[in-house]
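S.K.: After the sequence you'll find the predicted model.
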Amino acid sequence: MQDLHLIGSLPGWMIAAAGLAALALLILQFVNLKRRLKLGQSIFLTLLRACVYSVLVFFLLGPALIDKRVTKLRRPLTVLIDSSQSMAFPATNKPGSDGKSGPSRFDLVRAKLTEGQDAAIQKLSRDYDLRLFRFGASLEPIAATGLAQLKAQDQGSRLLEILESVSKDAAAQTGIVLFTDGITNGERKSLEHSPALRVPVFAIGAGESESFADVRIAELRAPEFAFRGREFKLDVIVQASAFKGKTVPLNFYRGKNLITSKMVAVDADPFEQKVTLSFTPKELGTHSFSVEIPAQAGEQIAQNNQKEFKVDAQRDKIRVLTLSGSPAWNYRFLRMAIKQDPLIELVSFVFLRTPTDTVDVPEHRLSLIPFPIDDLFNEELKNFDVVVFDDFSHRSYFNPVYLDRVRDFVRDGGALAMFGGPRAFDAGGFAESSLREVLPVEIDGKGTFQNTATVRPALTPAGKAHPLTRLLPDPKSNEEAWSKLPALNGYNAVRAARGEVLLTTGSDGAGAPLLAVGRFGKGRTLALLSDDAWRWNFISVGNKETPQHHLKLIRQSVRWLAQEPSFEQVQLRAIPTVKPGEKTAIKLRVLKDDFLPTRQASVQLRVFGPEGEPTLLAATSEQEEGEYSADFTPTREGTHRVEAEASMGGKVLGKDKTSFGVAFAYGETDDGRPRPDLLKKIAEASKGEFIPLSQWNDKTLERIAAKLETIAPSEIVEQRQTKLWNNLWPFGIILGLLSVEWWMRRKWGLI
Amino acid sequence: MRRRKFLRVIANSALAVSAVPSLAFANHPTDKRHLQFVFAQLKYRGGDWNPHPLSVTPLMEELMARTSVEAATVRHEATLQDKDLFNYPFLYIAGKYEFEPFSQDEVEVLRRFVSYGGFLLADDALGQQGYGFDKSLRRELQRVLPGSEFKKLPVGHAAMRSYYLVPRVGGVRIVSPQLEGITLGTSTPVIYCHNDLSGAWERDQLGKWSNQCTPGGETQRRDAFHTGVNLILYAMTENYKEDLIHVPFIRKRMTR
């Protein structure tokens, strides 16, 4: 369709002046003509001239015919839908029709987009070149028809990173419509230091923040390790909103056993309170704990009511109890060795007096303390790690039934060392006691204490490899060090060794056992069949050698007995935290009883998931001797426990256990409160608009369309001009009119 | 808290080591004694290293009668050049008069001896501070442990409560009611008595006391024996009596 338009380029006043001038000429002409012609003839000729002038003035206005052609465009529009886990939280705290929690944020978003006769998603698809994505930790295109199957299950929402990435290609889109609750837990948490958003973002906020009802464990500050027998504390930050006036219990569990429960009174809105809890670990190793607030009625999110953590209970000190039959140099130098080690705590009882010894003063002039038999063996024994019978016989002091307690103590994981002398082993009457089965040497009551022999310690093959007798790291230097140690003057002859013999009284390991180690139940045992080991210290000093070998032997013995991890035969390596679905290698080292690494062991691993579900794995030997590994791919988040057991020839070499965490790096469900403030900032910074989801309707869609129209119109108009003065017609008309006028003038005798 | 309770239980216990029925001890090996303790006396050049030659046996007999220590009744005489010196971690040095300085090697040996677990008991038989034996001993110990000096031991020192709760130091004469000692770290490996302890321990061939103890008489002699026993047990158990488990009990007895 063509329209007439005046597109003249002369100013209006000039055209008006020309018009006035033409009018003045016409009036003048009319007056002159009237004097010479009749009135009708004068008017006729003046009208003819008026037509000429009108045509001239008209063409001065620039008349043109314009042909307009309008082309409709489908502009690109990006729609982002948050499908992270937080979108699965209820949109409001109002219960649904079934009395349970109402629809989720994601359900509402889906409903707003897909429900109705002319659904919003259809409108958008029709009006725009729609690019539909779901996002969480990553971005993924989806089809509009796929919205029905989409679930909010992404482990995190990297909202700001994804927005930044999408808005980079500003030329390819007119705007972004973002459906989200505003929770972002990627690396970027705020708009500060973020690049400017070059595309308007229409942020549609899902979820109500004002009425958001939740109780959560916001933060947990617990130590990574604690000392056995010592209380450790943890701080729990409890936050609540829309729960003012209620009281909630905070339960503290070890595994599945409730340790304690504290009531938290919510007296403000929003509410935050630090609660301090404590626990005293009694056992070594890694313990799994959790704190939990049971899900409360009306609470929108229950996933953030629990937090798990692990504490590695370590020894603060190895506690050693020594019972010495009498004051002796062996005790003196044993004490010196132990006292120099800050990690060992010593409690000793030295029997300064026998029942046959008499004194010449009243009892109160003696410093002797009573021997607390009952308390020591019935109550306190469990608090020690190692018990040492140092040339000590129970026979003069207490009933052998107390030795049953020592046997039980070792069987349950404690340790017993017996040092020789005239009161030890067979000479001490232990062949008739319950310790007979505990000791790593066989005693039958016939063994004797020999104090006339000269005894030189000789390393056995096991002793050359065992960490207990490793005085120097280099094997050759170690053997040499042992060969230089002074001879001893006495030893306890026993029938045979039951455990591993590390030292003998003869060269090349051919003599009688001098140092033997073994196991009983969960515990370890050691027999040093001499009371003369102090000579390895002090005679060495006299020989200008180091006394350190004796001190080291004592300290290493104590640590091995106490099952210090460095002396374990099965050692699981630490496993880093992994994500669900990520394969991890569980590695361990296995040593034989002689502490040499072995490829021959059978290693079984059990991995227990967060709910205790076991997975059995067989570890395979690695290239390096003694190293084993097995791959495991966790599927669930939570603490996983690993137990390893290695055996060889039907004999268990050892066990170890550890645990590791499986978790995504996001804290998607930690704080489910919608974040409209962030969405408003995004909208403001991008010159878009924030619209609560509850206000989303057809008018909103129209408002968005209008705003997009101002940024990028949806029509393209093409124009073609036909300038009317730019051809012969205007001149023809003027010439015609002027010719008629000339002919009439001639006819009427004016020319 | 548990430990406190434990200590309280110990303190309140009626069962003492000494109260254990002796019947159970019938199997204790007495036929073949294993010598845990040998009293070694240092011989030196000059002066008089042996002012009381018969003093050791009475003390050893007393030691074995009162305590569980099995000891040699005869002393071992040693010099600082002896290769087997370090077989005897308890070393006794006594005298009346000035003696010759130790050689440098001897000084080194004695330094290693007291620094690595040995115990030296010095006994002034003259009892004159600044003269004779006292003068030489102080001079030599300055060479052995330069920078260290003798200090009076407090009444509560572990050596004074290692077996007996000794209220005063005995001897032939009371030159000083307190012992002196050189302390290294938490241990006192050198202890010095001015009261002629061994003079009080000595009996003659007929079994009579060789020296009168003045002014305290037999009580003073008994104190000398108690001091001797305590010092031997201190050498063998170090500061064992200062362990936490013993402290409240001993404190209670000392306040009676």
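M.R.: Looks like it arrived, so ask away.

S.K.: need the helices for the stretch 1-150 of chain B, in chain order.
M.R.: Secondary structure of the stretch 1-150 of chain B (DSSP state H, counting those that start in this stretch): helices located at B:2-12, B:56-66, B:104-115, B:132-144.

S.K.: Format these as TSV; extra columns: mean pLDDT and distance to A:Val31.
M.R.: (Glycine included, C-beta is placed from N, CA and C.) As requested, the helices of the stretch 1-150 of chain B are exported to TSV (pLDDT from 0 to 100; distance: least, C-beta to C-beta, whole Å):
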stretch	mean pLDDT	distance to A:Val31
helix B:2-12	43	136
helix B:56-66	95	166
helix B:104-115	96	148
helix B:132-144	96	152
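
S.K.: Can you give the distance of the helix or strand containing A:Ser540 from its chain's centre?
M.R.: Using DSSP states H and E, A:Ser540 sits in helix A:535-542. Distance, stretch centre to chain centre, for helix A:535-542: 55 Å (C-alpha atoms, centre = their mean, to the nearest Å).

S.K.: between the helices of the stretch 1-150 of chain B, which one is nearest to chain A?
M.R.: helix B:2-12 (4.6 Å; C-beta to the nearest C-beta).

S.K.: middle-most residue in the chain, spatially?
M.R.: Picked chain A for this. Centroid-nearest residue in chain A: A:Ala665, 4.3 Å away (criterion: C-alpha atoms, centre = their mean).

S.K.: Wait, chain B was what I had in mind.
M.R.: Taking C-alpha atoms, centre = their mean, chain B has its central residue at B:Leu231, 2.6 Å away.

S.K.: For the helices of the stretch 1-150 of chain B, give me CSV that also has distance to chain A.
M.R.: Converted to CSV, these look like this (distance: least, C-beta to the nearest C-beta, whole Å):
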stretch, distance to chain A
helix B:2-12, 5
helix B:56-66, 6
helix B:104-115, 5
helix B:132-144, 15
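
S.K.: Whichever residue of the stretch 151-256 of chain B sits closest to chain A: neighbouring residues, count only.
M.R.: When scored by C-beta to the nearest C-beta, the stretch 151-256 of chain B has B:Met236 as its residue closest to chain A, at 3.9 Å. Per other C-beta atoms under 10 Å in any protein chain shown, the neighbour tally for B:Met236 reads 27.

S.K.: Same question for B:Gly117.
M.R.: Residues near B:Gly117, counting by other C-beta under 10 Å: 24.

S.K.: again with A:Leu735
M.R.: A:Leu735, neighbours per other C-beta under 10 Å, totals 12.

S.K.: quick one: it from A:Ile751, how far?
M.R.: From A:Leu735 over to A:Ile751 the distance is 17 Å, taken as C-beta to C-beta, to the nearest Å.

S.K.: Now the residue in the stretch 1-150 of chain B that chain A sits nearest to: closest residue in space, sequence neighbours ignored.
M.R.: Closest residue of the stretch 1-150 of chain B to chain A, C-beta to the nearest C-beta: B:Phe86 (2.8 Å). Leaving out its chain neighbours, the residue that sits closest to B:Phe86 by C-beta to C-beta, 6 or more residues apart in numbering or on different chains is A:Gly542, at 2.8 Å.

S.K.: Next, the contact list for that neighbour, please.
M.R.: Going by C-beta atoms under 8 Å, 6 or more residues apart in numbering or on different chains, A:Gly542 touches B:83-87, B:109, B:112-113.

S.K.: from the residues you listed, which is closest to A:Ser211?
M.R.: Looking at the contacts of A:Gly542 and their distance to A:Ser211, the nearest is B:Arg112, at 82.6 Å (C-beta to C-beta).

S.K.: which helix in the chain runs the most residues?
M.R.: If you meant another chain, say so; for now it's chain A. Taking DSSP state H as the criterion, chain A has its longest helix at helix A:12-36.

S.K.: oops, I was thinking of chain B
M.R.: Chain B, longest helix under DSSP H: helix B:217-237.

S.K.: Pull out the buried residues from that helix.
M.R.: B:220-237 (16 or more other C-beta atoms under 10 Å in any protein chain shown).

S.K.: And stretch A:380-391, end to end?
M.R.: 22 Å (C-alpha to C-alpha, to the nearest Å).

S.K.: hmm, it touching chain B?
M.R.: Yes: against chain B, stretch A:380-391 shows contacts by C-beta under 8 Å from any C-beta of the partner chain at A:380, A:383.

S.K.: ok so, going back, okay, the helices of the stretch 1-150 of chain B in JSON lines with mean neighbour count next?
M.R.: Shown next, in JSON lines, are the helices of the stretch 1-150 of chain B (neighbours: other C-beta atoms under 10 Å in any protein chain shown):
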{"stretch": "helix B:2-12", "mean neighbour count": "14"}
{"stretch": "helix B:56-66", "mean neighbour count": "20"}
{"stretch": "helix B:104-115", "mean neighbour count": "18"}
{"stretch": "helix B:132-144", "mean neighbour count": "19"}
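
S.K.: Using TSV, lay out those together with distance to A:Asn727.
M.R.: Below are the helices of the stretch 1-150 of chain B laid out as TSV (distance: least, C-beta to C-beta, whole Å):
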stretch	distance to A:Asn727
helix B:2-12	117
helix B:56-66	146
helix B:104-115	127
helix B:132-144	134
